[in-house]
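A.B. asks: 3D model of this:
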Amino acid sequence: MPEYNGYLNVYKEKGMTSHDVVFRARKILKTKKIGHTGTLDPDAEGVLVLCIGKATKMVEYIIEHEKTYEAQVILGIETDTGDISGKLIHDGGSKVTLDAFEKILSRFTGNIMQKPPIYSAIRIKGKKLYHYARSGEAVEIPERPVSISKLSLLEFSEEKQQAKLMVTCSKGTYIRSLCQDIGAALGSYGCMGSLLRHRVGDFTIETAHKLSEIEKKEENNQLDEFIYSMAYSLDRYRCVTANEQGKKFLTNGNKLYQWNAVESFDAYYPSEILRLYVDNELVGMGSFYPSDDDAYVKPVKLL
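C.D. replies: The predicted model follows:
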């Protein structure tokens, strides 16, 4: 049985949880070392990146990627979950025009504050928010900074009071909350209808594969065609390479100094996260620590 190390771009189908996808992938690949890089709700579809084998150590870096969604906004309705599958809280609200909807979008572009939905896995006081929701226990949910770099209107129906948006955003952005907040800003209500994730960093929906396709490739011993290398999509992080003297230091988890590294340390900034390389092969991630005497790169994750 081959040992896979890298990323798998899965098209999560509607009706499955992200955990369901991981469970199925573990059975197909016959390994427990699989993790995903950002939950999609059961009713949502699209890109779900899985980290396989040694790449499970890279989850936190893939999570940092921007994500792009195609989201349906249903106006005049508010639910407890923030999407159409939830329990109805409010129904009605003033009718929204196309002009008003277009104008409000600028409020939600750039760096904004957002309150996560009560039905989410964020922890407050050691407990996930959805546990508070299910038990009926009151909890204060603080707003958090998120970034929406692109927000464009694809469709709008005044008759149906529905819109379709394309959203490119930072990690931690909740599209359900965005839909609710847009509705509230318009003097109405709002919830999310359908959701399709188009992109996670360099992983796109055009190159995503359904689990049935992945299973067939595995049965034909061709799954390597779908596996991305562990260095894929990490170009946002600069790299540092161990020289001949530094190879053993780095692979044993020791620091790299200027004397045992190839690249000049002059351009790195304090606490910068860097890719670590030995002989053109990614071996982990590290952090740069400046010093007047002896600056160094400390390994944070080794593969």
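A.B. asks: Is Lys54 in a helix, a strand, or coil?
C.D. replies: Local secondary structure at Lys54 is given as helix here, using DSSP: H, G, I helix; E, B strand; the rest coil.
A.B. asks: isn't it right up against Met230?
C.D. replies: Yes - with contact taken as CB atoms under 8 Å, Lys54 and Met230 are classed as touching, separated by 6.6 Å. For glycine as for every other residue, the C-beta is placed from the backbone atoms N, C-alpha and C.
A.B. asks: Looking at the two, which has the bigger crowd around it?
C.D. replies: Comparing Lys54 with Met230 by neighbour count (other CB atoms under 10 Å), the higher total belongs to Met230, at 23 against 18.
A.B. asks: pLDDT wise, what is the more buried one at?
C.D. replies: As summarised for this prediction, Met230 has a pLDDT of 94.
A.B. asks: same check, this time on Ile141
C.D. replies: At Ile141 the predicted local confidence, pLDDT, stands at 76.
A.B. asks: coming back round to it: which neighbours do Lys54 and Met230 have in common?
C.D. replies: Each of Asn5, Leu303 lies in contact with both Lys54 and Met230 under the rule CB atoms under 8 Å, 6 or more residues apart in numbering.
A.B. asks: Tyr11 reaches Glu206, doesn't it?
C.D. replies: No - taking contact to mean CB under 8 Å, the distance of 10.0 Å between Tyr11 and Glu206 leaves them out of contact.
A.B. asks: Counting neighbours, which bits of the longest strand along the chain end up buried?
C.D. replies: The longest strand of the chain (DSSP state E) is strand 144-157. When burial is assessed from 16 or more other CB atoms under 10 Å, strand 144-157 yields the following buried residues: Val146, Ser147, Ile148, Leu151, Phe156.
A.B. asks: looking at it, the third one is touching Thr173, isn't it?
C.D. replies: Yes - Ile148 is within contact range of Thr173, at 6.6 Å (criterion: CB under 8 Å).
A.B. asks: For the worst-scoring helix or strand of the chain on mean pLDDT, list every residue counted as buried.
C.D. replies: With mean pLDDT, DSSP states H and E as the measure, the helix or strand of the chain carrying the lowest mean pLDDT is helix 129-135 (a mean of 75). Residues of helix 129-135 classed as buried under the neighbour-count rule (16+ other CB under 10 Å) are Leu129, Tyr132, Ala133.
A.B. asks: And for stretch 38-47?
C.D. replies: Buried-residue list, stretch 38-47, by 16+ other CB under 10 Å: Gly38, Leu40, Asp41, Asp43, Ala44, Glu45, Gly46, Val47.
A.B. asks: For the helix or strand that contains Ala163, which strands pair with it and how are they oriented?
C.D. replies: Element membership of Ala163 [criterion: DSSP states H and E] is strand 162-169. Each strand that strand 162-169 pairs with, and the sense of that pairing, follows from DSSP bridges: strand 67-75 (antiparallel), strand 144-157 (antiparallel).
A.B. asks: can you list those in JSON lines and add distance to Ala163 and mean pLDDT?
C.D. replies: Below are these laid out as JSON lines (distance: least, CB to CB, whole Å; pLDDT from 0 to 100):
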{"stretch": "strand 67-75", "distance to Ala163": "4", "mean pLDDT": "98"}
{"stretch": "strand 144-157", "distance to Ala163": "5", "mean pLDDT": "97"}
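A.B. asks: As CSV, the ones you listed with distance to Asn220 would be great.
C.D. replies: As requested, the strands paired with strand 162-169 are arranged in CSV below (distance: least, CB to CB, whole Å):
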stretch, distance to Asn220
strand 67-75, 31
strand 144-157, 38
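A.B. asks: so which of those comes closest to Asp202?
C.D. replies: Taking CB to CB as the criterion, Asp202 comes closest to strand 67-75 out of the strands paired with strand 162-169, the separation being 11.5 Å.
A.B. asks: Residues in contact with the closest one: which ones?
C.D. replies: Contacts to strand 67-75, defined as CB under 8 Å, 6+ apart, come from residues 38, 46, 84, 93, 96, 150, 154, 161-169, 171, 173, 175, 178-179, 182-183, 186, 188-201.
A.B. asks: Equivalent analysis for stretch 120-136, please.
C.D. replies: Contacts for stretch 120-136 (CB under 8 Å, 6+ apart): Thr39, Asp80, Pro116, Pro117, Ile118, Tyr119, Ala138, Val139, Glu140, Ile141, Tyr174.
A.B. asks: What does the residue nearest to the first one when sequence neighbours are not counted show for phi and psi?
C.D. replies: Nearest residue to Thr39 in three dimensions, chain neighbours excluded: Ser18, at 4.6 Å (CB to CB, 6 or more residues apart in numbering). Reported as degrees, to the nearest 10, the phi and psi values for Ser18 are phi -60, psi -30.
A.B. asks: got it, and the one 10 residues further on?
C.D. replies: The phi and psi values for Ile28, taken as degrees, to the nearest 10, are phi -70, psi -40.
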